[in-house]
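> Need a 3D model of the following:
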Amino acid sequence: MSRAIATARLPAPDSLSLAEQVAQMVVVRASGHLFDHEIRYPAWEADSATLTHYVEALGVGGVILLGGSAAEVGLKTQALQALARIPLLIAADLEEGVGQRFSGATWFPPPMALSAVADRAVALAYAEEFGASTAAEALALGLNWVLAPVVDINNNRHNPVINVRAFGDTVAEVTALTQAFLRGAQTQPVLTTAKHFPGHGDTATDSHLTLPVLPHSLERLQGLELEPFRGAIAAGVDTIMTAHLHIPALDRHHPATLSAPTLTGLLRQQLGFDGLIVTDALVMGAITHTYGPYEAAVLAVEAGADVLLMPSDPEGAIVAVVEAVHRGRLAPERILASVERLWRAKQKAAPALLADGAGHAWEHLPPPPVQWHGVAQPRTRQLAADILTASMTVRGQVAACTEEAPGDNVVIVDDVLDCRYLDRTAAAIAWPQSHHYRLKLLDTQGCEQWPQGDRQGDDLNPSLVQIFVRGNPFRGSANLMHLATTWIEALQSAHQLRGVVVYGSPYAFEELCRHLGSIPHGFTYGQMPLAQGLILSALLPSPGGAAPLHREFTD
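Numbering: from 1, shown residues only. Got it, this is the predicted structure:
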């Protein structure tokens, strides 16, 4: 056992029972909301009583949170740590900052925006600040495990899973920008995560639903997909998340998450990674449809995973792994090695809950107070605005309509009922309204209205079209793009198209640009209200020349 483990206020790993050791390898999912009636995904997210059982009775090693406000999450992390006998790793997918998942905190544009910043030195500086700000806001709320950065290379424009979550589509830009993000995040005592090993960028199927196959040769993998992971390991990344992919060149029988040649042979032995290996969510269809919840857990540990993320039945997964040890399928030393890695991670990620190295036995200490002053500060929100401004595209300006002859603000989204970024005050609605464009809200889930009228423009008014589209796991975006293209073509035929704004996908923007010609248009990687205000203030300026909306965040 290492000296670091021996001197921490944690029980010696081998003092735990086998079931307690295995439980430390499990991370369960819960809602960030405080009240059970606000849970959005009850099949995946434990209610309060079940979560208490997992933490207090089973002794799971961590919790991943999704949804709720920053204020709720701050209170929830305190409550969870107070329940735990051993400090928890509390994780969240924060690829676009804490505000992506928890309202009130800073919501950054997706990582691919950084590859669109023209000045490489500026882009790297932004990436480093982005990492530092995300880690600081996470820590302020009691989140000690940042499930970012994505180090996949999105070299398949049809990828429904990675898409703009990647920092770019080349080895060089992804490696450089993710290393910069890691440098920034490492200024705070939080864990970082490179994902999804050994590379999920060149897939066109959705691993939430089925198992994608990556048919590339080992030489191709070594020269492309693996390079950003080498860079992340060299930069000191704490954890690496697996990909639910079948890669025959590495393992003819098992997907990467369940593959010993991939996790132990390639990642541990060849690449020399000694941090935590965490599975991607084990509830995803790519795994559960073939292996079921219990065999998948055992296979993942056999393969070399230290952390089982979101098993559909956490208690059953623990029992299955314990039984595999009793039957001789897994060695006790294999479990102990994972717990020792977890202890090293917890020493870094929960310093306020652990000892100062005095060598005493672990004792329960109150969790640190929530640091509200560390969330959504003007400097951090200004950084988000600067990245959005530096990466957006604006071509021409949209003419305003008049009160006597108003136009339509055609806003197209995938699902109106599941839209976090639109309400009556959102810039995409309010800003055009102030220029006499009336809202016409459309979606692909039943709120759709197909354009009426003939080529002379009957029933079609002068229109600004705003499209919110990006890679959409579970559904894709083909229906949305069909709806958007139909509207654009109808309005153009009637000579009523005043302008187009695309929020989210540069690939969708590139496709739509073929239809636009000299029509004023703009693109921003962000979909949040801040992104809306920034691009609309440039594309549809106020008659009085109002200052861009992001200046309110200047210190």
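
> Give me the neighbour count for the nearest residue to residue 451 once chain neighbours are set aside.
Nearest residue to residue 451, sequence neighbours excluded (C-beta to C-beta, 6 or more residues apart in numbering): residue 490, at 3.8 Å. Every residue, glycine included, has its C-beta placed from N, CA and C. Look at residue 490: counted by other C-beta atoms under 10 Å, it has 20 neighbours.

> Residue 490 touches residue 460, doesn't it?
Yes. Residue 490 is within contact range of residue 460, at 6.7 Å (criterion: C-beta atoms under 8 Å).

> what ranges do the strands span in this structure?
Counting by DSSP state E, the segments of the chain that form strands are 26-31, 62-66, 89-92, 145-146, 193-197, 239-242, 276-278, 308-309, 393-395, 407-413, 437-443, 463-469, 497-504, 521-524.

> max-length helix in this protein?
helix 120-140 (DSSP state H).

> so what secondary structure elements neighbour it?
If contacts are counted by 3 or more C-beta pairs under 8 Å, 6 or more residues apart in numbering; DSSP states H and E, helix 120-140 sits against helix 112-115, strand 145-146, helix 171-185, helix 378-391.

> right, so the strands of the chain: which one is the most enclosed?
Highest mean neighbour count of the strands of the chain: strand 145-146, a mean of 28 (counted as mean count of other C-beta atoms under 10 Å).

> Show me what counts as buried in stretch 45-56.
Residues 45-46, 51, 54-55 are the ones in stretch 45-56 that count as buried (16 or more other C-beta atoms under 10 Å).

> Next: stretch 190-209.
Those would be 190-203, 205-209, for stretch 190-209 by 16+ other C-beta under 10 Å.

> Next up, the contacts around residue 227.
171, 175 (C-beta atoms under 8 Å, 6 or more residues apart in numbering).

> how near is it to residue 244?
21 Å (C-beta to C-beta, to the nearest Å).

> Tell me the buried residues in stretch 390-408?
In stretch 390-408, the ones that count as buried by 16+ other C-beta under 10 Å are 390-394, 398, 400-401, 407-408.

> Could you do stretch 302-316 as well?
Here stretch 302-316 shows 302-312, 314-315 as buried, counting by 16+ other C-beta under 10 Å.

> Give me the distance between the two termini of that stretch.
Distance across stretch 302-316, first residue to last, is 17 Å (C-alpha to C-alpha, to the nearest Å).

> Over to stretch 227-247?
Stretch 227-247 end-to-end distance (C-alpha to C-alpha) = 17 Å.

> can you give me the mean pLDDT across it?
The average pLDDT within stretch 227-247 is 97.

> returning to what we had before: I'd like to know which of the strands of the chain is closest to residue 160.
For these, proximity to residue 160 was assessed by C-beta to C-beta; strand 463-469 is nearest, at 11.9 Å.

> Name the strands paired with that closest one and say parallel or antiparallel.
strand 407-413 (parallel), strand 497-504 (parallel) (DSSP bridges).

> which regions of the chain sit below the pLDDT cut-off?
1-8, 207-209, 352-369, 372, 452-458, 472-476, 543-555 (pLDDT under 70).

> So which bits of stretch 478-492 are buried?
480-481, 483-485, 487-488, 490-491.

> Just put the residues you listed in TSV and tack on distance to residue 527.
Compiled in TSV, the buried residues of stretch 478-492 are given as follows (distance: C-beta to C-beta, whole Å):
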residue	distance to residue 527
480	13
481	16
483	17
484	14
485	19
487	19
488	19
490	24
491	22
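
> Closest to residue 219 out of those residues?
Using C-beta to C-beta, those come closest to residue 219 at residue 481, 35.4 Å.

> so what's that closest one up against?
Contacts of residue 481 by C-beta under 8 Å, 6+ apart are 469, 508, 511-512.

> with those residues in mind, which one is nearest to residue 499?
residue 512 (12.1 Å).

> which residue ranges form the helices in the stretch 301-450 of the chain?
Counting by DSSP state H, counting those that start in this stretch, the stretch 301-450 of the chain has helices at residues 314-326, 332-349, 378-391, 427-433.

> which residues in the stretch 451-555 of the chain form helices?
Remark: helices assigned in the stretch 451-555 of the chain by DSSP H, counting those that start in this stretch are 478-493, 506-513, 529-539.
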